[in-house]
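>>> quick one, structure for this:
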Amino acid sequence: MHTILKLFIGVILSVGYFSIAYGQNSLLPKPQRVDIKSGSMKSPLKLSDLSVNFVDLVDISGVSLEKRGLELKINIVDSISGAEMNLDEAYRLTISKQGACIDATTQKGIFWALQTLAQLQKEYPKGGIPCMEIVDWPAFRVRGFMQDVGRSYISLKELKEEIAVLAKYKMNVFHWHLTENQAWRVESKIYPQLVAEENMTRMAGKYYTHEEVKELQDYCKSLNITLIPEIDMPGHSAAFVRAFGVDMQSREGTSILKELIAEICDIFDQVPYIHIGTDEVRFTNPTFCDEMVAFVRERGKKVISWNPGWNYKAGEIDMTQMWSFRGKPTPGVPAIDSKFHYINHFDAFADIVALYGSRIGNVSKGSDQIAGTILAVWHDRYLDSEYNMNIENHIYPNILAIAERSWLGGGSQYYDDYGTNLIEGTESFESFRDFESRMLWHKSRYFKDLPFAYQKQTDIKWSITDQFPNDGDLSRSFEPEISIKPNYIIAGDTINVNQAVGAGIYLRHVWGSLIPTFYSDPKENHTAYAWTYVYSNKRQDVGLWFETQNYSRSESDLPPPQGKWDYRESKIWINDKEVLPPTWSATHTERSNEISLGNENMVGRDPIALSLERGWNKVFIKLPIGKFSVPQARLTKWMFSAMFVTVDGRERIELIYSPEKKK
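Residues are numbered from 1 along each chain as shown. The predicted structure is shown next:
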């Protein structure tokens with residue numbers, strides 16, 4: 001059992017009169033150490049005269065202060081006793097009957113302590129915060145989020161909303177991917193043709209001015225966020241080639257690029273790093289990377305590069321960022337782990353389980369070698385609204401998951417144990433269920449007007465069969481469609497029925513065998529069946545979230561045929577009545593990343609309206625699969641997601657999900 005969980009259970013047993021409220025433990029990320037004491041701080045806070053230098057930090061943090069009240073004291077100290085690492089971000093927060101006190105070695109630690117205090121005030125809006133001492137520090141020094149604005153421009157307003165969430169949950173890096181094949185998104189005064197409409201192939205004319213760059217840079221700094229701009233080179237540079245007619249690796253191209261990088265370094269005068277990309281490209285100039293790294297360093301910046309990318313040795317680069325399963329740390333060079341952290345491939349429910357449970361860099365805490373992680377979202381597939389970019393990538397739930405994991409450290413796997421599976425009775429299940437409860441507490445208080453589709457799923461239970469061989473006939477029927485049994489016999493083989501938990505179940509992941517799923521050995525040309533019973537205490541109108549192919553935002557997959565849930569003949573019945581899909585808004589038959597996703601993903605459309613009867617309602621799903629890669633979709637997801645929500649899709653309907661009809 002997790003140490004902090006043990007602590008709070010102990011509190012519940014020993015300090016009964018306030019333990020029920022605080023036992024819910026809404027803090028996110030969970031602090032490293034909490035010592036609950038007797039009593040509570042009942043009055044509001046005022047800023048101590050000794051702390052006036054920190055009034056701006058208090059204002060930004062959202063901590064509430066009154067003209068009269070108990071004192072909030074803030075102190076810069078030499079050390080934090082009990083903090084184990086990353087001491088520049090560590091803090092001690094003491095809540096007593098006399099007030100609150102923050103000790104930290106730098107303003108970073110003070111800022112994070114204020115986020116914790118603000119959450120406690122939110123949990124106890126009428127006062128009565130339990131007395132406690134929190135000693136807290138981050139397990140990893142890099143805790144970041146990346147937005148790809150090169151492919152799809154995102155407004156400063158939206159970026160600021162996302163960055164504000166990063167700060168609230170103690171994330172400290174915003175990675176700004178500014179250039180791509182589709183467009184160069186940062187203004188150049190010396191080469192204005194770079195941002196000319198004719199040199200952009202998507203969202204033409206959309207870019208960030210020098211003034212906007214300065215504005216976002218200042219905004220990040222005010223929130224304790226390190227901004228990392230990325231100018232991708234020499235690959236992902238078709239926009240550069242369109243503007244100048246030369247490749248970056250040519251003598252002329254490199255000369256132009258150096259002028260641009262000098263301008264970038266001047267614009268981003270407050271950032272410590274410049275990211276230079278170097279991924280997914282054939283190098284024709286073997287000196288290009290070394291030359292560009294040296295040029296950036298001469299301008300006082302450190303340099304980050306993707307791995308796989310150019311093969312650097314220790315001393316030749318300041319930090320690498322691992323992507324794809326082939327990414328690996330370079331000995332002697334700090335590494336940022338972004339492998340399996342590409343949320344543009346994530347579904348609403350299953351992938352966050354693997355993300356939350358993962359060990360960053362396959363270690364429990366950071367080191368000189370493993371610096372931390374950056375969660376990334378890539379917009380290869382065009383989405384025509386910022387709302388859909390956010391909600392279909394599940395940006396906020398995934399940020400909260402990685403915020404806690406990167407701050408707290410630990411984790412039960414490196415995507416290679418339970419994967420996306422919720423396994424009842426395991427420590428990882430209890431850990432995720434605790435996180436889920438706290439995340440939903442924060443959703444209800446901080447994300448009411450923001451895109452946030454996630455709902456509770458740890459009590460949703462299914463029966464799922466082993467795989468029935470369909471010999472490529474996706475319409476073929478099997479016995480579960482006639483009768484539900486504990487097992488089945490086909491051609492002398494036993495087809496067993498097993499249990500699963502969650503609103504989203506992968507039978508085979510989009511990344512294939514790299515991510516464990518419900519089937520340890522999923523097979524092509526097979527059919528699965530899943531069912532549960534849902535208890536409703538009344539007859540009621542509900543909405544159904546349902547999908548059998550969550551559409552990655554980096555794939556050009558075709559929409560389903562009209563009248564079909566997918567191109568695999570998947571079906572769903574409620575109380576033995578087939579539920580038909582919505583009318584699909586996209587009807588194109590040629591794959592293209594430039595044709596926007598329509599209503600293919602369930603969180604991007606209205607739920608299916610239907611009625612549940614009073615008592616038990618049967619939910620039955622058929623899930624055939626042919627080949628794992630087909631013309632309609634390069635990366636097939638063999639999966640399903642199902643949940644009953646309110647008709648408007650904003651909240652989950654509270655029901656009992658039980659294949660055995662157990663209340």
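
>>> what's the closest non-adjacent residue to residue 31?
residue 136 (4.4 Å; Cβ to Cβ, 6 or more residues apart in numbering). Bear in mind the C-beta positions are built from the backbone N, C-alpha and C, glycine included.

>>> can you count the residues close to residue 320?
25 (other Cβ atoms under 10 Å).

>>> does it touch residue 303 like I think?
No: Residue 320 lies out of contact with residue 303 (Cβ atoms under 8 Å); the separation is 9.9 Å.

>>> can you list contacts of stretch 286-301?
233-234, 248-249, 254, 257-258, 261-262, 265, 271-274, 276, 278, 283, 303, 305, 310, 312, 316-317 (Cβ atoms under 8 Å, 6 or more residues apart in numbering).

>>> how about stretch 481-488?
Taking Cβ under 8 Å, 6+ apart as the rule, stretch 481-488 contacts 463, 465, 468, 478-480, 494-497, 529, 531, 620, 622.

>>> going along the chain, name the helices of the chain.
3-14, 16-22, 55-61, 107-123, 156-168, 210-222, 238-244, 251-267, 288-298, 350-357, 386-392, 395-408, 427-446 (DSSP state H).

>>> those: which one's closest to residue 337?
helix 395-408 (9.5 Å; Cβ to Cβ).

>>> next, the angle from the closest one to helix 156-168.
30 degrees (axes from the mean of the first three to the mean of the last three Cα atoms, to 10 degrees).

>>> please export the C-alpha coordinates of helix 395-408 as PDB.
Extracted C-alpha coordinates of helix 395-408, given in PDB (Å, rounded to 0.1, in the frame of the first residue of the first chain):
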ATOM      1  CA  ILE A 395      -5.600  17.400 -22.700                       C
ATOM      2  CA  TYR A 396      -6.700  18.300 -19.200                       C
ATOM      3  CA  PRO A 397      -7.200  14.800 -17.700                       C
ATOM      4  CA  ASN A 398      -3.900  13.700 -19.200                       C
ATOM      5  CA  ILE A 399      -2.100  16.800 -17.800                       C
ATOM      6  CA  LEU A 400      -3.500  16.000 -14.300                       C
ATOM      7  CA  ALA A 401      -2.300  12.400 -14.600                       C
ATOM      8  CA  ILE A 402       1.200  13.200 -15.700                       C
ATOM      9  CA  ALA A 403       1.400  16.200 -13.300                       C
ATOM     10  CA  GLU A 404       1.000  13.800 -10.300                       C
ATOM     11  CA  ARG A 405       3.200  11.100 -11.700                       C
ATOM     12  CA  SER A 406       6.000  13.500 -12.600                       C
ATOM     13  CA  TRP A 407       5.800  15.200  -9.200                       C
ATOM     14  CA  LEU A 408       5.300  12.200  -7.000                       C
END
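
>>> if we can go back for a sec, now the contacts of stretch 481-488: which count as buried?
463, 465, 468, 478, 480, 495, 497, 529, 531, 620, 622 (16 or more other Cβ atoms under 10 Å).

>>> between those residues, which is nearest residue 204?
Nearest to residue 204 among these, with distances taken as Cβ to Cβ, is residue 622, at 44.4 Å.

>>> sorry, back to before: so can I have JSON lines of the helices of the chain showing mean pLDDT and mean neighbour count?
Shown next, in JSON lines, are the helices of the chain (pLDDT from 0 to 100; neighbours: other Cβ atoms under 10 Å):
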{"stretch": "helix 3-14", "mean pLDDT": "36", "mean neighbour count": "14"}
{"stretch": "helix 16-22", "mean pLDDT": "33", "mean neighbour count": "15"}
{"stretch": "helix 55-61", "mean pLDDT": "91", "mean neighbour count": "16"}
{"stretch": "helix 107-123", "mean pLDDT": "96", "mean neighbour count": "22"}
{"stretch": "helix 156-168", "mean pLDDT": "98", "mean neighbour count": "18"}
{"stretch": "helix 210-222", "mean pLDDT": "98", "mean neighbour count": "16"}
{"stretch": "helix 238-244", "mean pLDDT": "98", "mean neighbour count": "20"}
{"stretch": "helix 251-267", "mean pLDDT": "98", "mean neighbour count": "17"}
{"stretch": "helix 288-298", "mean pLDDT": "98", "mean neighbour count": "18"}
{"stretch": "helix 350-357", "mean pLDDT": "98", "mean neighbour count": "26"}
{"stretch": "helix 386-392", "mean pLDDT": "97", "mean neighbour count": "20"}
{"stretch": "helix 395-408", "mean pLDDT": "98", "mean neighbour count": "25"}
{"stretch": "helix 427-446", "mean pLDDT": "97", "mean neighbour count": "18"}
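
>>> residue 604: which of these is closest?
helix 386-392 (5.3 Å).

>>> helices and strands around the closest one, which ones?
helix 156-168 (3 or more Cβ pairs under 8 Å, 6 or more residues apart in numbering; DSSP states H and E).

>>> okay, the angle between the helix it packs on and helix 210-222?
Going by the same axes, to 10 degrees, helix 156-168 makes 10 degrees with helix 210-222.

>>> how far is helix 156-168 from where the chain is centred?
14 Å (Cα atoms, centre = their mean, to the nearest Å).

>>> swap in stretch 502-511?
Distance, centroid of stretch 502-511 to centroid of chain: 16 Å (Cα atoms, centre = their mean).

>>> C-alpha coordinates for it, CSV please?
This file holds the C-alpha atoms of stretch 502-511, laid out as CSV (Å, rounded to 0.1, in the frame of the first residue of the first chain):
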residue,chain,number,x,y,z
GLY,A,502,-13.3,0.4,-17.2
ALA,A,503,-15.3,2.5,-19.6
GLY,A,504,-12.7,2.0,-22.3
ILE,A,505,-11.2,-1.5,-23.1
TYR,A,506,-8.4,-2.1,-25.6
LEU,A,507,-8.4,-5.6,-27.0
ARG,A,508,-5.4,-4.6,-29.1
HIS,A,509,-3.7,-1.2,-28.8
VAL,A,510,-2.9,1.2,-31.6
TRP,A,511,0.8,0.5,-30.8
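
>>> where does pLDDT dip in the chain?
Across the chain, the ranges flagged by pLDDT under 70 are 1-24.

>>> which residue is nearest the middle of it?
residue 398 (2.3 Å; Cα atoms, centre = their mean).

>>> which residue, other than its chain neighbours, is closest to that residue?
Per Cβ to Cβ, 6+ apart, closest to residue 398 is residue 343, 4.8 Å.

>>> what residue of the chain is the furthest out?
residue 492 (44.7 Å).

>>> quick check: residue 246 touching residue 257?
No: if you go by Cβ under 8 Å, residue 246 and residue 257 don't touch, sitting 9.8 Å apart.

>>> look at the residue nearest to residue 657 when sequence neighbours are not counted and say how many residues are nearby.
Leaving aside its chain neighbours, residue 657 sits nearest to residue 460 (4.3 Å; criterion: Cβ to Cβ, 6+ apart). Using other Cβ under 10 Å, residue 460 has 25 neighbouring residues.

>>> what's around residue 324, how many residues?
16.

>>> so what's it up against?
308, 339.

>>> try it again with 10 Å
279, 280, 306, 307, 308, 338, 339, 340, 342, 511, 514 (Cβ atoms under 10 Å, 6 or more residues apart in numbering).

>>> do residue 353 as well
So residue 353 contacts 401, 418-423, 428-429, 432, 435-436, 457-458, 501-502, 504, 506 (Cβ under 10 Å, 6+ apart).

>>> tabulate the CA atom coordinates of stretch 88-101 in CSV.
Output of stretch 88-101 as CSV, limited to C-alpha atoms (Å, rounded to 0.1, in the frame of the first residue of the first chain):
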residue,chain,number,x,y,z
ASP,A,88,15.1,24.5,-5.4
GLU,A,89,11.4,23.5,-5.9
ALA,A,90,10.9,22.0,-2.4
TYR,A,91,8.7,23.6,0.3
ARG,A,92,7.3,23.1,3.7
LEU,A,93,3.7,24.2,4.3
THR,A,94,2.6,24.3,7.9
ILE,A,95,-1.1,24.8,8.8
SER,A,96,-1.7,25.5,12.5
LYS,A,97,-4.3,27.1,14.7
GLN,A,98,-2.3,30.3,14.5
GLY,A,99,-2.1,30.5,10.7
ALA,A,100,-0.1,29.2,7.8
CYS,A,101,3.7,29.3,7.1
